[in-house]
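Can you look at this prediction? I've put the sequence above it.
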Amino acid sequence: MAQPKTNAMRMLEKAKIAYTFHEYDHSDGAIDGVAVAKKLGEDPARVFKTLVTQGASRAFYVFVIPVAAELDLKAAARAVGEKSVAMLHVADLLKTTGYVRGGCSPVGMKKPFVTRVDDSARDKPTIYVSAGRIGAQVELAPADLLAACGGQLATLTAPGPGR
């Protein structure tokens with residue numbers, strides 16, 4: 001049975017960007033990034049999570065970082081030229097992006113937002129990001145992800161796991 005396409009998958013196909021679709025079982029409720037990496041049998045440094053923030057200016061920003069890493073809010077703010085950024089409340093995620101927690105893709109959001117991808121992606125042949133729904137990931141080249149979401153590389157995490 002063919003998988004229903006997510007908005008992220010449709011956007012990648014429209015842009016003629018190659019990706020590999022991966023599914024994982026989420027019936028156990030474990031949808032955090034490290035659990036997803038384990039279910040995919042992948043190094044957590046290659047599986048990225050999508051975080052949405054709001055800046056002091058009230059603008060929204062998207063940050064894509066390795067699942068085992070923590071977003072450095074000061075570095076994130078610097079990367080987008082803001083005085084500060086704060087995590088978007090999970091209750092506001094769907095109305096802002098069109099995606100739910102655990103299924104938020106940097107590709108195909110309701111509106112294009114300034115997006116930064118952690119520079120640790122640079123040296124990886126492919127990385128995984130959410131395909132736009134829980135239980136689905138897409139694997140693609142970091143440069144293709146940047147092209148698909150209009151993103152740029154930036155240092156976004158403190159040294160530690162996933163770096």
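Noted; the coordinates are in hand.

can you give me the helices for the protein?
For the chain, applying DSSP state H gives helices covering 7-14, 33-40, 73-80, 90-97, 142-149.

which strands and helices sit next to the last one?
Same thing as helix 142-149. If you count contacts as 3 or more CB pairs under 8 Å, 6 or more residues apart in numbering; DSSP states H and E, helix 142-149 packs onto helix 7-14, strand 60-66, strand 114-118, strand 127-130, strand 152-154. (Each C-beta comes from the backbone N, C-alpha and C, glycine too.)

what about stretch 31-49, start to end distance?
Using CA to CA, to the nearest Å, the span of stretch 31-49 from its first residue to its last is 11 Å.

buried stuff in it?
Buried residues in stretch 31-49, counted by 16 or more other CB atoms under 10 Å: 31, 33-37, 39-40, 42, 44-49.

chain center to it: distance?
How far stretch 31-49 lies from its chain's middle: 12 Å, per CA atoms, centre = their mean, to the nearest Å.

And for stretch 102-114?
Distance of stretch 102-114 from its chain centroid, counting by CA atoms, centre = their mean, is 8 Å.

quick one: terminal-to-terminal distance for that stretch?
Start and end residues of stretch 102-114 are separated by 20 Å (CA to CA).

contacts for it?
6-12, 26, 31-32, 50, 52, 59-62, 64, 80, 93, 96-99, 115, 117, 129-136, 138, 145, 148-151 (CB atoms under 8 Å, 6 or more residues apart in numbering).

In PyMOL, how would I select the buried members of those?
Applying 16+ other CB under 10 Å to those, the buried members can be selected in PyMOL as follows:
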select buried, resi 6+7+8+9+11+12+26+31+50+52+60+61+62+64+80+93+96+97+98+99+115+117+129+130+131+132+133+134+135+136+138+145+148+149+151
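
partner residues bridging the residue nearest the centre of the chain?
Ranked by distance to the mean C-alpha position of the chain (CA atoms, centre = their mean), the top residue is residue 50 at 2.8 Å. Per DSSP bridges, the residues bridged to residue 50 are residue 64.

Just list the residues touching it, thanks.
62-64, 99, 104-106, 129-130.

Looking at the helices of the chain, which is nearest to residue 157?
helix 73-80 (7.4 Å; CB to CB).

which other helices and strands contact the closest one?
strand 48-55, strand 60-66, strand 85-87, strand 114-118, strand 152-154.

So for it, what gets flagged as buried?
So for helix 73-80, counting by 16+ other CB under 10 Å, buried means 73, 75-77, 79-80.
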